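J.: quick one, what's the 3D model for this:
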Amino acid sequence: MNLSLSDVKTFSEWMNSAGKKDLSEIIRYFYEKSTEDERSVLSGSACRIRDMHYGGRVYFRGLIEFSSYCRNDCYYCGLQRSNLHAIRYRLSEAEILDCCAEGYALGFRTFVLQSGEDMHYTDLSLCRIISGIKKRFPGCAVTLSIGERSRDSYKELFDAGADRYLLRHETANEDHYGKLHPPELSLNNRKRCLYNLKKIGYQVGAGFMVDSPYQTYETLAEDFFFLRELDPHMIGIGPFIPHKDTRFAGFYHPSSRHTLILLSLIRIMLPKTLLPATTALGTADDMGREKGLMAGANVVMPNLSPLIHRSEYSLYDNKLCKGWEAAEHLPKLARHIESIGLTPDFSRGDHVDLQKGGAPT
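T.: Next comes the predicted model:
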């Protein structure tokens, strides 16, 4: 490999100018040929460039999974509408606010409201929930992760006070997208939603599954190319973990290795992005969250959902919802983050450009 991994500025410039063929080759190299020392230098470079912008701070988000109903039938997801074994629940507006109150008392200043695409929650009810959170907990950020909606809907939710929106693109290759989703869902619409969200003024998050069925080096290169073009404020990636009630049951035994490589490469390519060490990473590897932070991540999202429902939001098998994934153990998690040389930060944790008074671009 001709690139100098330790010259992170030059490597970042290369990642931002490389074509799809070169991007696929660099990913292939780190997957198949890199030494442990090279991967260590890669993760170290990712942490250095992260710390140039964020100073080693790790941000906390309180995750509230408020509905396990979904109108879609994505082939990989345990919440797919055709899964008759899925346990369905919905939180009331009062229950959602109670979760926020618990989180606020623990120190959270960002709440992530996540659900399947459940149209039971109308724009009116969602606006009421968002404005209620903003009124009761001033200074806090509200992040939504509720799927594809119309531009008008996104605008209404933004005007009600929503700050951020997470919408993983899952794959930027159209053929690959079609192998993971039913015909009524399209990559073009997913991308349209992301661009609409950004134009409205949200801090936007995209992302994809790592080692998903039919993924190739070429599709990964397209993911990187799309992320470079979109330049989102947040990027969420994690290992694909099969669900027993989907067509991909038993597809493979998930590992953290490839996700850690891609976390570092994404951090070097887009140094300012907010990059979570995801629940899926912690599910695939007992030390996944720590390894993710040491690969360049700077966000963690402990679960604030009611205890009785946490295991019922079953996107994939054995989804972690206890231990450090649970919001109740926040002090222990914060101490552990300090022990690996990072700084727990309980502010809103906006994108660094917004912290400096800028606006989404």
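J.: quick one, strands of the stretch 201-350 of the chain?
T.: 203-210, 234-239, 299-300, 343-345 (DSSP state E, counting those that start in this stretch).
J.: nearest to Tyr165, of those strands?
T.: strand 203-210 (5.8 Å; C-beta to C-beta). C-beta: built from backbone N, CA, C; applies to glycine.
J.: rewinding a little: could the strands of the stretch 201-350 of the chain go into JSON lines alongside distance to Lys20?
T.: Listed next are those as JSON lines, based on distance: least, C-beta to C-beta, whole Å:
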{"stretch": "strand 203-210", "distance to Lys20": "15"}
{"stretch": "strand 234-239", "distance to Lys20": "18"}
{"stretch": "strand 299-300", "distance to Lys20": "28"}
{"stretch": "strand 343-345", "distance to Lys20": "36"}
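J.: following the longest helix seen in the chain, which helix or strand comes up?
T.: Looking across the chain with DSSP state H, the single longest helix is helix 36-54. Per DSSP states H and E, the first helix or strand lying C-terminal to helix 36-54 is strand 57-60.
J.: put the alpha carbons of that next one into CSV.
T.: Extracted C-alpha coordinates of strand 57-60, given in CSV (Å, rounded to 0.1, in the frame of the first residue of the first chain):
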residue,chain,number,x,y,z
ARG,A,57,-15.3,14.5,23.7
VAL,A,58,-17.9,11.7,23.6
TYR,A,59,-21.5,12.8,23.4
PHE,A,60,-24.5,11.0,24.9
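J.: please name the residues that touch the most centrally placed residue in the chain.
T.: Residue closest to the mean C-alpha point of the chain, counted by C-alpha atoms, centre = their mean, is Gly236 at 2.6 Å. Going by C-beta atoms under 8 Å, 6 or more residues apart in numbering, Gly236 touches Leu166, Arg168, Gly205, Ala206, Gly207, Leu275, Pro276, Thr278.
J.: same thing with Ile130?
T.: Val142, Leu144, Leu157, Ala160, Gly161, Ala162.
J.: ok so, going back, using PDB, write down the CA coordinates of the longest helix of the chain.
T.: Presented in PDB, the C-alpha positions along helix 36-54 are these (Å, rounded to 0.1, in the frame of the first residue of the first chain):
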ATOM      1  CA  GLU A  36      -2.700  -5.700  12.900                       C
ATOM      2  CA  ASP A  37      -0.100  -2.900  13.100                       C
ATOM      3  CA  GLU A  38      -1.600  -1.200  10.000                       C
ATOM      4  CA  ARG A  39      -5.100  -1.400  11.400                       C
ATOM      5  CA  SER A  40      -3.800   0.000  14.700                       C
ATOM      6  CA  VAL A  41      -2.200   3.000  12.900                       C
ATOM      7  CA  LEU A  42      -5.500   3.500  11.000                       C
ATOM      8  CA  SER A  43      -7.600   3.700  14.100                       C
ATOM      9  CA  GLY A  44      -5.000   5.900  15.800                       C
ATOM     10  CA  SER A  45      -5.100   8.300  12.800                       C
ATOM     11  CA  ALA A  46      -8.900   8.300  12.900                       C
ATOM     12  CA  CYS A  47      -8.800   9.200  16.600                       C
ATOM     13  CA  ARG A  48      -6.300  12.000  16.000                       C
ATOM     14  CA  ILE A  49      -8.300  13.600  13.300                       C
ATOM     15  CA  ARG A  50     -11.500  13.300  15.400                       C
ATOM     16  CA  ASP A  51      -9.800  15.000  18.300                       C
ATOM     17  CA  MET A  52      -8.600  17.900  16.100                       C
ATOM     18  CA  HIS A  53     -12.300  18.800  15.900                       C
ATOM     19  CA  TYR A  54     -13.900  17.400  19.000                       C
END
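J.: against Pro182, how distant is Leu84?
T.: With distances taken as C-beta to C-beta, to the nearest Å, Leu84 is found 17 Å from Pro182.
J.: looking at the two, which one has more neighbours?
T.: Pro182 (13 against 6; other C-beta atoms under 10 Å).
J.: next one: phi and psi at the nearest residue to that one once chain neighbours are set aside?
T.: Excluding its sequence neighbours, the residue lying closest to Pro182 (C-beta to C-beta, 6 or more residues apart in numbering) is Asp73, at 4.9 Å. With angles defined as degrees, to the nearest 10, Asp73 sits at phi -130, psi 40.
J.: report pLDDT for Asp73.
T.: Listed pLDDT for Asp73 reads 96.
J.: if I look at it, how far off is Leu263?
T.: 30 Å.
J.: looking only at neighbour counts, state which of the two leads.
T.: The neighbour comparison of Asp73 against Leu263 (other C-beta under 10 Å) goes to Leu263, with 30 against 16.
J.: nearest spatial neighbour of the more buried one, skipping sequence neighbours?
T.: That would be Ala295: by C-beta to C-beta, 6+ apart, it lies 4.3 Å from Leu263.
J.: quick one: that neighbour from Leu42, how far?
T.: With C-beta to C-beta as the criterion, Ala295 and Leu42 are 8 Å apart.
J.: which one of these two is surrounded by more residues?
T.: Shown here are Ala295 and Leu42; by other C-beta under 10 Å, Ala295 has more neighbours (28 against 25).
J.: list the contacts for the more buried one?
T.: By C-beta under 8 Å, 6+ apart, the neighbours of Ala295 are Ser43, Ala46, Cys47, Leu260, Ile261, Leu263, Ser264, Arg267.
J.: model confidence at the fifth one, what's the number?
T.: The reference is to Ile261. Note for Ile261: predicted pLDDT of 98.
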